[in-house]
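Trainee: Sharing a model prediction with you, sequence too.
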Amino acid sequence: MTWTPGTLVRHQPLARQHRPRTAADAYRIHYRGYGYDGGQRLVSGSAFIPAGTAPEGGWPVIGFAHGTTGLSDASAPSRSGFARLELDHIDRWLAAGYAVAATDYEGLSTPGPHPYFNGEAVADDVIDAVLALRGLDQNISAAWLVAGFSQGGHAAMHVANIATGYAPELDFRGTIAVAPAACVKDLIAELTADGGAPLSPIVPLTLAGIASTRPDFEPDAALTPLGAELVAWAARATLREMFQAVRGIANDQAGTTGITARPEIADVLDAVSAPVTYLDRPVFITSSRDDELIPHQPVERFADGLRRAGADVAYSSHIGADHAGMLETGQPDAIDFGREHLDAADTAHDIPAHRFDLLDRSGDGQLARDDYDAFALRLARSLGHAPRSAKAAAVRDGYRRLWNAVRTAADTDDDGRVSVAEYRAWAAREAASDGDRSGFATAVRPLAEAVIALVDDDASRTLDRSELDRLLTACRIGSEEAAATCEQLDSNGDGHISADEIVDAVRGFCIGEPSPGSWLFGRF
């Protein structure tokens with residue numbers, strides 16, 4: 001039997017004490033998904049149907065991503081219930097005319113660890129819950145938005161990165177992130193800057209959550225024995241228990257002061273932060289200057305970075321609301337945002353097809369690593385590969401190698417970005433070289449091989465026409481352009497596309513030659 005993510009496996013009425021007041025129907029659901037490692041996994045969640053008559057086309061949907069509850073199975077909201085303020089938040093979405101699909105995230109109440117703050121791991125859980133909701137005997141629209149709070153805001157930003165390609169059968173309209181913990185490294189840096197400040201429960205939970213999917217990550221070496229003990233406890237504790245465990249403990253006592261200055265910590269925190277890149281649907285972000293758990297400065301910097309990357313971002317700042325209070329304070333604007341984008345006609349996205357302009361979606365004249373990481377994740381997820389599956393990991397490594405080759409050769413001011421002037425100067429040097437002087441062709445070959453492997457069903461290490469069609473569809477290349485690309489890529493006319501032909505095409509595209517290499521960067 002085919003394992004199809006988002007397939008509803010079973011449902012049952014949700015316990016009355018866990019139901020929003022205005023829900024006409026409320027269910028605990030279990031649905032099929034994939035774990036972060038690519039293994040088949042059941043995921044649990046909740047589904048809520050509003051009262052009244054559905055509009056023409058069915059109830060639009062909010063895919064709700066909940067805030068931190070902890071890493072224990074007892075933390076799953078469908079099992080133990082949502083916190084009252086979060087349940088009230090869901091109630092207001094129902095009153096606004098939305099059905100709500102609320103995942104528990106993988107590993108909460110179902111087998112396997114919960115990869116806390118691993119947005120790549122849980123983004124598909126959110127989307128699959130929306131698909132599972134459509135398996136109920138209800139009148140559900142394909143139109144949906146993702147709304148996330150705190151940890152769920154972090155998850156929602158990862159959903160924004162893959163939603164349109166991962167589930168093209170749905171009509172994704174945008175992202176709402178309330179007090180989001182989006183840039184994890186910046187968040188932990190703020191929370192641990194002052195050695196005398198109270199230790200936030202978010203810090204040990206984050207370290208424990210990352211370690212659950214990164215066995216090579218060993219944070220204990222950076223911590224005091226007390227800090228290491230707290231991280232071990234966080235791996236099986238609820239949020240309430242973590243608040244109690246850290247009471248009276250300062251950063252200095254746990255060894256967390258300035259922890260992001262340690263490269264081995266900074267690297268893994270940076271890896272789980274939401275990418276700052278172009279997004280193909282609008283985003284609403286809101287935070288409070290009086291939030292005691294999610295400092296507003298990292299949230300504002302994240303929103304500004306998305307704008308500079310070309311995303312359509314609306315940002316709203318509040319004063320006076322604490323973290324939990326943002327569930328109510330930030331919601332009226334979020335509901336207005338949702339209504340606006342549900343009413344808007346779907347529009348085509350004009351994506352440039354040439355060289356630097358295709359890569360530089362922001363139009364700010366700069367390329368950055370997050371753009372390449374986003375290309376890799378979107379392509380792998382569009383073809384159904386989990387983030388830590390071997391094939392997805394190889395694709396990510398391939399795009400990262402390409403970025404490092406371009407950055408090393410072109411970033412002459414060593415600012416970690418590549419300006420349009422730097423890019424053009426590098427392209428001219430590369431065009432005048434033998435094709436490998438900058439390491440470009442050497443860097444592209446692993447990427448070409450990894451991309452072929454995504455769809456190479458017959459293990460020929462080449463692409464036939466049907467395999468290439470699947471790949472180009474995942475890259476959102478239209479049928480007419482796809483046909484022309486197939487003909488141009490097959491330079492020797494043998495009916496198969498080899499890694500050598502892809503390398504030649506991508507190099508030609510990057511240095512400005514008439515070449516069918518732009519498809520590798522998709523129409524994302």
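Mentor: Everything's here; your move.
Trainee: now the strands: where do they sit in the stretch 301-450 of the chain?
Mentor: 313-318, 366-367, 418-419 (DSSP state E, counting those that start in this stretch).
Trainee: what sits up against the longest one?
Mentor: If I follow you right, that is strand 313-318. The contact list for strand 313-318 (C-beta atoms under 8 Å, 6 or more residues apart in numbering) reads 282-290, 296, 300, 303, 306-307, 326, 329-330, 333, 337. (C-beta placed from N, C-alpha, C; glycine too.)
Trainee: mind giving me a markdown table with the strands of the stretch 301-450 of the chain and columns for mean neighbour count and mean pLDDT?
Mentor: A markdown table is the format used below for those (neighbours: other C-beta atoms under 10 Å; pLDDT from 0 to 100):
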| stretch | mean neighbour count | mean pLDDT |
| --- | --- | --- |
| strand 313-318 | 17 | 96 |
| strand 366-367 | 22 | 78 |
| strand 418-419 | 22 | 86 |
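Trainee: Could I get the full set of helices for the stretch 251-400 of the chain?
Mentor: 251-254, 263-272, 296-308, 326-329, 331-343, 355-359, 369-382, 390-410 (DSSP state H, counting those that start in this stretch).
Trainee: Would you quantify the distance from Ala303 to Val276?
Mentor: Computed as C-beta to C-beta, to the nearest Å, the Ala303 to Val276 distance reads 10 Å.
Trainee: before we move on, what about Ala156?
Mentor: From Ala156 to Val276 the distance is 15 Å (C-beta to C-beta).
Trainee: In terms of neighbours, single out the busier of these two.
Mentor: Comparing Ala156 with Val276 by other C-beta atoms under 10 Å, the one with more neighbours is Ala156, at 30 against 26.
Trainee: Show me which of the contacts of strand 313-318 are buried.
Mentor: For these, a burial check counting by 16 or more other C-beta atoms under 10 Å picks out 282-288, 296, 303, 306-307, 326, 329-330, 333, 337.
Trainee: Greatest separation within those: which pair is it?
Mentor: Taking C-beta to C-beta as the measure, the buried ones among the contacts of strand 313-318 reach their widest spread between Arg307 and Thr329, a distance of 22.5 Å.
Trainee: Pick out the residue nearest the middle of this structure.
Mentor: The centroid of the chain falls nearest to His158 when counting by C-alpha atoms, centre = their mean (1.7 Å).
Trainee: Now for that one: which residues touch it?
Mentor: When contacts are counted by C-beta under 8 Å, 6+ apart, His158 touches 119-120, 122-123, 274.
Trainee: With pLDDT, distance to Glu190 and neighbour count added, can I get these in JSON lines?
Mentor: Shown next, in JSON lines, are the contacts of His158 (pLDDT from 0 to 100; distance: C-beta to C-beta, whole Å; neighbours: other C-beta atoms under 10 Å):
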{"residue": "Gly119", "pLDDT": "87", "distance to Glu190": "19", "neighbour count": "30"}
{"residue": "Glu120", "pLDDT": "87", "distance to Glu190": "23", "neighbour count": "26"}
{"residue": "Val122", "pLDDT": "92", "distance to Glu190": "23", "neighbour count": "30"}
{"residue": "Ala123", "pLDDT": "94", "distance to Glu190": "24", "neighbour count": "28"}
{"residue": "Ala274", "pLDDT": "90", "distance to Glu190": "16", "neighbour count": "28"}
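Trainee: Make TSV out of these and add secondary structure.
Mentor: TSV is the format used below for the contacts of His158 (DSSP: H, G, I helix; E, B strand; the rest coil):
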residue	secondary structure
Gly119	helix
Glu120	helix
Val122	helix
Ala123	helix
Ala274	coil
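Trainee: which one of those is nearest Ala83?
Mentor: Using C-beta to C-beta, the contacts of His158 come closest to Ala83 at Val122, 18.5 Å.
Trainee: Confirm for me that that closest one is in contact with Glu106.
Mentor: Yes. The criterion here is C-beta atoms under 8 Å, and Val122 meets it with Glu106 at 6.3 Å.
Trainee: Find the residues that touch each one of these two.
Mentor: Contacts common to Val122 and Glu106, judged by C-beta under 8 Å, 6+ apart, are Pro115.
Trainee: For the residue nearest to the centre of the chain, which non-adjacent residue is spatially closest?
Mentor: Gly119 (3.1 Å; C-beta to C-beta, 6 or more residues apart in numbering).
Trainee: Out of the helices of the stretch 251-400 of the chain, the one nearest Arg134 is which?
Mentor: Closest to Arg134 of the helices of the stretch 251-400 of the chain is helix 331-343 (C-beta to C-beta; 16.7 Å).
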